[in-house]
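[1] Just the structure for this:
(one chain, ligands or ions: 1)
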Amino acid sequence: MSSDVRVRFAPSPTGYLHIGGARTALFNWLFARHHGGKFFLRIEDTDRSRSTDEAIEAIIDGMRWFGLDWDKWEGSDKDPIRQTDRFDLYRQKVRELLDRGLAYHCYCTAEELDARRKEAMAQGKVPRYDGRCRLLTAPVPGKEAAIRFKASSEGEIVIDDMVKGKVVFDAGTVDDLIILRSDGTPTYNFCVVVDDVDMQISHVIRGDDHLNNTPRQIQLYQALGYPLPRFGHVSMILGPDKARLSKRHGATAIQQYREEGYLPEAMVNYLVRLGWSHKDQEIFSLPELIEKFSIEQVGASAAVFNPEKLIWLNAHYIKTGDPKRLAQLLLPHLERLGVASDQIDLARLTQIVVALRERTRTLKEMADSAVYFFTDEITIDEKAQKLLTPEALPVLKAVRDRLAETPFEHAPLEEAFRSISEALGLKLAQIAQPVRAAVTGKTVSPGIFDVLMILGKEKSLKRLDRQVAQFTAK
Ligand code: GLU
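    Residues are numbered from 1 along each chain as shown. Okay, the predicted model is just below:
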């Protein structure tokens, strides 16, 4: 399928991949995939003092984890492209505007501009460049100049926004933007337009924190003689207190969610619903999202981040996901808890996933609950300790002796426990609980027979022995 839809995600690499950014990327990706178009990644690193290679890596890593593959842009050998590789083009476009009388040299110094800004503010005016260098007819030799764009202050600038609807700006609020600094570096708004034109971007979908940039960008498109793309400005994500989502509300980096044990499909499902909806459906597979997504259905009002909903979705995907894949994803979480991955047999880990997945909501929780399957020395937690009383000794002994002769399969294990409970006149749970405490160190675990089968006979007997020995020694 071919289509004219060409969109991009254009992060500034000044930190990690924020979940707001990830959602913008996701909306662009879904829009492109829905229309059979192209989705590009462009790194906006012109602010050299704030951009880092680590941040670029973190963004790429986050995108990959999130499953957002991008298309290589035909216009460059590099992938993704970086604005710092494209300064020649931006300078050439600045020259074009200068030659056509649509830009001019500005010799005002930072101090002068600052003083005028303060003066305007003191008079209660909105500070804006007064355009005085427009009047210069010849270059001033020996003086450093920035290049400014001659903005038009006539009339209105109307955006037919795909998300916000009609947005009208008074052109008088657009001042003469610096497009090339006196040190020769191009500025942000200019590079965005030059790139979007060069990459033939058809739809610009981005956060509404950029809405105020759009009128000046539109004037730049017009000055450069290019058709406008369609714009769609997506509302910010808010924290529960309705302030813009930030670190103080909890994790905001995509990577952090990965470390906390969230699945990418849960994040995708969660983030797409922050703003977009389709009837009252909550759970969407990726193919379904590609089929159903439409940018016009993204709501104009801001969405509130709801961690409970995310965790609910994560639990859903853990319960319903392919256990083999989940086992793979669980490995790093176990490693973090000190379990060497070469110790781990994936088939066994898959069994563990099946046993645990009904009761864990994140992979991290699952790893915490699985660690006792792998360690030689388990820690008995406080609650479990309370079950391992001298009264439990006959139970542990009886189970230990009986299990030594029992095949570790469900039916024989069940039979063994039943006959012990009958012999001792105790309920099944009164047998299972101290055994659970002895072999897992916890009071909560999957069904005891599953635990014993996964643990295997040797380890199970050893753990029971250790407890029996402790009491006998006391
Ligand atoms: N680089 C901008 C940012 O990270 C995005 C610009 C755009 O999408 O037009 O917020």
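[2] Tell me which stretches of the stretch 251-400 of the chain form strands.
    Under the criterion DSSP state E, counting those that start in this stretch, the stretch 251-400 of the chain carries strands at the ranges 303-304.
[3] In contact with Leu113, which residues are there?
    By Cβ atoms under 8 Å, 6 or more residues apart in numbering, Leu113 lies in contact with Tyr129. (Each C-beta comes from the backbone N, C-alpha and C, glycine too.)
[4] Please identify which helix or strand holds it.
    helix 110-122 (DSSP states H and E).
[5] cool, Arg50 as well?
    Using DSSP H and E, Arg50 falls outside every helix and strand.
[6] can you tell me which residues contact it?
    12, 14 are the contacts of Arg50 under Cβ under 8 Å, 6+ apart.
[7] And for the one 5 residues further on?
    Taking Cβ under 8 Å, 6+ apart as the criterion, Ala55 is in contact with 13-16.
[8] The closest residue to it other than its chain neighbours: neighbour count?
    Nearest residue to Ala55 in three dimensions, chain neighbours excluded: Pro13, at 3.7 Å (Cβ to Cβ, 6 or more residues apart in numbering). Pro13 has 22 neighbours, counted by other Cβ atoms under 10 Å.
[9] Surely Pro13 is in contact with Ser51?
    Yes - contact criterion Cβ atoms under 8 Å: Pro13 and Ser51 qualify, at 4.8 Å.
[10] shared neighbours of the two, which are they?
    Counting by Cβ under 8 Å, 6+ apart, the residues touching both Pro13 and Ser51 are 43, 45.
[11] ok, back up a step: which strand or helix spans the residue nearest to Ala55?
    Using DSSP H and E, no helix or strand contains Pro13.
[12] Got the confidence number for Ala473?
    Ala473 carries a pLDDT score of 63 in this model.
[13] Go ahead and confirm Pro80 touches Phe40.
    Yes - in this structure, Pro80 is within contact of Phe40 by Cβ under 8 Å, at 7.4 Å.
[14] Need the overlap of contacts for these two.
    70, 73.
[15] Looking at these two, which one has more neighbours?
    Shown here are Pro80 and Phe40; by other Cβ under 10 Å, Phe40 has more neighbours (24 against 20).
[16] Can you pull the phi and psi angles for the closest residue to that one other than its chain neighbours?
    Leaving aside its sequence neighbours, Phe40 sits nearest to Arg8 (Cβ to Cβ, 6+ apart; 4.3 Å). When read as degrees, to the nearest 10, the backbone of Arg8 gives phi -150, psi 160.
[17] Please name the residues that touch Arg8.
    Neighbours of Arg8 in contact, by Cβ under 8 Å, 6+ apart: 28, 39-42, 196, 199, 201, 204.
[18] And Leu331, how far from Asp345?
    Distance from Leu331 to Asp345, counting by Cβ to Cβ, to the nearest Å: 11 Å.
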